[in-house]
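Undergrad: Everything below, folded, please.
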Amino acid sequence: MMTSRQLFFQHLAQTSEAPMALEIEKAEGVWLYDNHGKSYLDLISGISVSSLGHRHPTVVAAIKDQLDHYMHLMVYGEYIQSSQVKLAAALTAELSPKLDSVYFVNSGSEAIEGAMKLAKRYTGRPELVAFTNAYHGHTQGAMSLMGGEDWKRPFRPLLPDVRMLEFNDFSQLSQITSQTACVVVEPIQAEAGVVIPAVGFLAALAQQCKATGALLVFDEVQTGMGRTASLFAHQQYQVIPDILVLAKAFGGGMPLGAFVSSSQIMSVFMADPPLGHITTFGGHPVSCAAGLASMKVLTESELISEVKAKESLFHELLDHHPAVVELRSAGLLMALELGDEAKMHKVVKYCIDNGVIVDWFLFRNTAIRIAPPLIITEEEIRFAAEVIVRALDRI
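TA: Predicted structure coming up:
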């Protein structure tokens, strides 16, 4: 009989030549446990998904309760489903009044696709603007906005009329014109290795969008749900987008995404044609129940207010190592810059071998990703830092 490992390589489509191939049998809190009983501290949260850790009891209870009522009933938007409407109400209560209409989907890529369609339909314009070293997903539309040509070239032709600008370059904002439907931007560039916006850049971007009638789309798939020390990163910059995109941690560990806008803008999907955007499983009631439970934990606990102290502890423990070029951070979204790809791979391997899961960034292969669950404790941070420091000592 074939082992799970053999079946994995024989029957699951592979995304790289060297997957981690850890066989995880259980996950709890910040810890994963493999089929040999070895424990791993998850320092990347399944790529910013498990903000409350794995199997948070409040989220698990909400999932079980929803399962006792119903699962899938009908394609999105036709039936009134309690977990959907309660999550939409809870989400919009935390946002600007202009962001009062939620469209639920299954993932970040789908949310980006919906946001692009919405902007084109509302403005009647053809052009999309994004930024180099941006990541918005791997579907063809979302990939058209990706900032790395090496990733896009094998799949061209992609969407036409896409203009790429340099993040934090004020001089290029004039390229946003009356032909621009929307500008899609991460308020903090994640896969670029945690690049923070320059002072005033997001405000200047918003002003140019307003002056030209282009819609401003914030991709907060990685930066949302408390990771950067506020529920959403844009709230720290006093800039409100026309469309907000969410996924990853938004579902509390279940597949869930959303794009959020005003009722006025979102209404264009209702007619000419009707069903202007549609999804079968978007806003699945079980996923929405998990998302609602996760939202309540984040907004009713002290987890978000504790993020800055945990960020500071990582800096205290790692900043001064001679192998560290820089530790860039926005809350618990962190990039440990080593300045060398070979060193990065050695550190990642050592950490995983010694029970701490880290990885790297799509557009910054010289830095190590640190994005633990927000529930991580001081003791767990110190353990993780000890392993990382031992790895750094070896290089």
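Undergrad: Neighbours of residue 379, how many?
TA: 8 (other Cβ atoms under 10 Å). No exception for glycine: its C-beta is placed from N, CA and C like everyone else's.
Undergrad: if I look at it, how far off is residue 65?
TA: Distance, residue 379 to residue 65, by Cβ to Cβ, to the nearest Å: 32 Å.
Undergrad: Any idea how many residues pack against the closest residue to residue 50 other than its chain neighbours?
TA: Once flanking residues are discounted, residue 50 sits nearest to residue 373: 5.3 Å by Cβ to Cβ, 6 or more residues apart in numbering. Neighbours of residue 373 under the rule other Cβ under 10 Å: 27.
Undergrad: measure residue 373 to residue 221 for me?
TA: 17 Å.
Undergrad: again, but for residue 162
TA: 19 Å.
Undergrad: got the contact list for residue 273?
TA: Listed by Cβ atoms under 8 Å, 6 or more residues apart in numbering, residue 273 has no contact partners.
Undergrad: could you redo the last one with a cut-off of 10 Å?
TA: By Cβ atoms under 10 Å, 6 or more residues apart in numbering, the contact list for residue 273 reads residue 121.
Undergrad: before we move on, back to that, give the contact list for the residue nearest to residue 50.
TA: So residue 373 contacts 29-31, 41-46, 48-54, 56, 227, 249, 303, 332, 380 (Cβ under 10 Å, 6+ apart).
Undergrad: swap in residue 215?
TA: Per Cβ under 10 Å, 6+ apart, neighbours of residue 215: 115-116, 118-120, 122-123, 125, 180-184, 209, 241-243, 261, 265.
Undergrad: low-scoring stretches of the protein, by residue?
TA: Along the chain, segments meeting pLDDT under 70 are nowhere present.
Undergrad: related to what we said a few turns ago, residue 162 and residue 221: which is more packed in?
TA: Using other Cβ under 10 Å, the more surrounded residue of residue 162 and residue 221 is residue 221, with 27 against 18.
Undergrad: Okay, and the more buried one sits in which element?
TA: Counting by DSSP states H and E, no helix or strand carries residue 221.
Undergrad: Quick check: phi and psi on it?
TA: Main-chain torsions, residue 221, degrees, to the nearest 10: phi -60, psi -40.
Undergrad: Give me the distance from the helix or strand harbouring residue 393 to the chain's centre.
TA: Assigned by DSSP H and E, residue 393 belongs to helix 378-394. Here the centre of helix 378-394 is set off from its chain's centre by 25 Å, with Cα atoms, centre = their mean, to the nearest Å.
Undergrad: Domain-wise, how is the protein divided?
TA: Annotated domains of the chain cover 20-52+303-394, 58-300 [automatic domain parsing].
Undergrad: Of those, flag the one that's most buried.
TA: domain 58-300 (a mean of 20; mean count of other Cβ atoms under 10 Å).
Undergrad: End to end on it, go ahead and measure it.
TA: 12 Å (Cα to Cα, to the nearest Å).
Undergrad: Cheers, nothing more for now.
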